[in-house]
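> Turn this into a structure:
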Amino acid sequence: MALDRVPKKVGIVGYGRLGQSLVSHLLTQGPELGLELVFVWNRDAGRMAGSVPPSLQLQNLAALGERHPDLVVEVAHPKIIQESGAEILRYANLLVGSPSALADQATERQLLEASHRWGHAVFVARGALWGAEDISRLDEAGGLQSLRVSMATHPDGFRLEGPLATMRSTGPRAVLYEGPVRALCPHAPRNSNTMAAAALAAPSLGFDRVIGVLVADFSLKNMHVVDVELSGPPGPTGRSFTVHTHRENPAEPGAVTGSATVTTFWRSLVAGAEDGMSQAPGAQPSPPSVYHERQRLELCAVHALNNVLQQQLFSQEAADEICKRLAPDSRLNPHRSLLGTGNYDVNVIMAALQGQGLAAVWWDRRRPLSQLALPRVLGLILNLPSPVSLGLLSLPVRRRHWVALRQVDGVYYNLDSKLRAPEVLGDEDGVRAFLAAALAQGLCEVLLVVTKEVEEQGSWLRAD
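Just a heads-up that it's a prediction; the model follows:
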């Protein structure tokens, strides 16, 4: 179909099997789809000779801005994202084909900062990850408890580094690695992208809690086999919701990329370019390197505590124990929901912070926000009214909801557990504007999370 609009300009970084396929598709089908290939770059430029028109060959990746791309597609190696990803974002949106690069938290942080600074987005194609959208939806709904991704192929299909490179199979089938995806990615950067995509699709688990398994199988000479196993929390009967998918992806002997992965990547590129990467099927926005728990049951107070402290310090069990200490003789504890689903009150939050050597200071809404000394405040916890709904029907009832705000690496974030990902608020002016808008709606209370020293000195309040 011909599109009556200015073509989207696409640049390809990497000219291996996947890059060659994308370039071929862009040259033959791109014009009809409103896509214009403006450059191809490869670390070994000689590989492009005879197959890529000289006018499209980019010799210096640092000069990509001269081609004015709208979208740059990386299908080279994680090192390219780590070395040049932030600079690419200066000029265009970035589709990452090597998501294992994002297991490095410094790289993830650099991309986030560059994306925020230049106004360009980072996206990750799902590649060989079957059911990425379902995983993401389940995670967003708080129904994902565990996720395990196994990839098996012939040893010739692996490109391993470090200690994995020296491992030898002692039989026809051997498990080379089983553990957190974050630890696997540096040693199998080209064979862990499916697992990295799973970690990004399920931010509540992330790189540290999604389990990756790498299996060498001498019988799989022309195939990559990917198994995805997930489970949700136990239901009323004590049994958990589980899903197990098994995908056999044909591949040439010794190839890192399977045939179906090539097709999936092209479809993601086309859909992403047409929609400005806003609703690209198979692409997931890269989450910032900020700890962010998602909503489960009525545990927003627990999520707010962990989010403001940027680590998982509290659980429902820990909060319930605090409730018992606060009201040891009460049959119906006044500090939590009668249903045992959470809904903890401010006393639980204050006691939890005190146990960490911190304090919660109630902000007097009558004070001007200009008097708030944000550099002296570790974070903020807001208590907001939240509408209750059943399905698509909104009910005329409003319940209380706890929300954390926190600065990470000089940027303030809204870490509301009901958000799919952290919301960037920006600098101090940005967070003051957010607070002003929340307080203006009424029924909003603000707690300042500070050290005991700051509480005693009162230095959370500007002297002027």
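> Where does pLDDT dip in the stretch 1-150 of the chain?
Counting by pLDDT under 70, the ranges of the stretch 1-150 of the chain that qualify are 1-7, 126-128.
> And the helices in it, which stretches?
Assigned helices in the stretch 1-150 of the chain, in chain order: 17-33, 78-88, 105-118, 132-140 (criterion: DSSP state H, counting those that start in this stretch).
> do you know which of those helices lies nearest D345?
Ranking the helices of the stretch 1-150 of the chain by their distance to D345 (criterion: C-beta to C-beta) puts helix 132-140 first, at 26.5 Å. Where C-beta positions appear, they are placed from N, C-alpha and C, glycine not excepted.
> And that closest one, what does it pack against?
helix 193-201, strand 223-234 (3 or more C-beta pairs under 8 Å, 6 or more residues apart in numbering; DSSP states H and E).
> ok, residues contacting that helix?
Helix 132-140 is contacted from outside by 126, 129, 144, 147, 197-198, 201-205, 228, 230, 232, 243, 281-282, 284, 294, 420, using C-beta atoms under 8 Å, 6 or more residues apart in numbering.
> Just say which of the helices and strands packed on helix 132-140 is most tucked in.
Using mean count of other C-beta atoms under 10 Å, the stretch among the helices and strands packed on helix 132-140 with the greatest mean number of neighbours is helix 193-201 (a mean of 29).
> what does that helix rub up against?
Counting by C-beta under 8 Å, 6+ apart, residues outside helix 193-201 touching it are 97-100, 102-103, 124-129, 132, 135-136, 139, 147, 149, 151, 181-182, 184-185, 205-207, 210, 212, 226, 228, 284, 286-287.
> Looking at the helices of the stretch 1-150 of the chain, which is nearest to L71?
In this view, these are compared for proximity to L71 by C-beta to C-beta, and helix 78-88 is the closest at 10.1 Å.
> Let me know the angle separating that closest one from helix 105-118.
20 degrees (axes from the mean of the first three to the mean of the last three C-alpha atoms, to 10 degrees).
> check contacts around the residue of the chain most remote from its centre.
No residue in the chain has its C-alpha farther from the mean C-alpha position than D329, which lies at 43.3 Å (C-alpha atoms, centre = their mean). Residues near D329 by C-beta under 8 Å, 6+ apart: none.
> Next, work out how far apart it and A165 are.
Using C-beta to C-beta, to the nearest Å, one obtains 62 Å as the distance from D329 to A165.
> ok, now which ones touch V243?
With contacts defined as C-beta under 8 Å, 6+ apart, V243 is in contact with 131, 134, 228-231.
> how does it look with 10 Å?
Applying C-beta atoms under 10 Å, 6 or more residues apart in numbering to V243 gives the contacts 131, 134-135, 138, 147, 228-232.
> Quickly list what it is bridged to.
When bridges are taken as DSSP bridges, the partners of V243 come out as L230.
> what would the helices and strands packed on helix 132-140 look like in CSV with distance to P78 and mean pLDDT?
As requested, the helices and strands packed on helix 132-140 are exported to CSV (distance: least, C-beta to C-beta, whole Å; pLDDT from 0 to 100):
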stretch, distance to P78, mean pLDDT
helix 193-201, 8, 89
strand 223-234, 18, 89
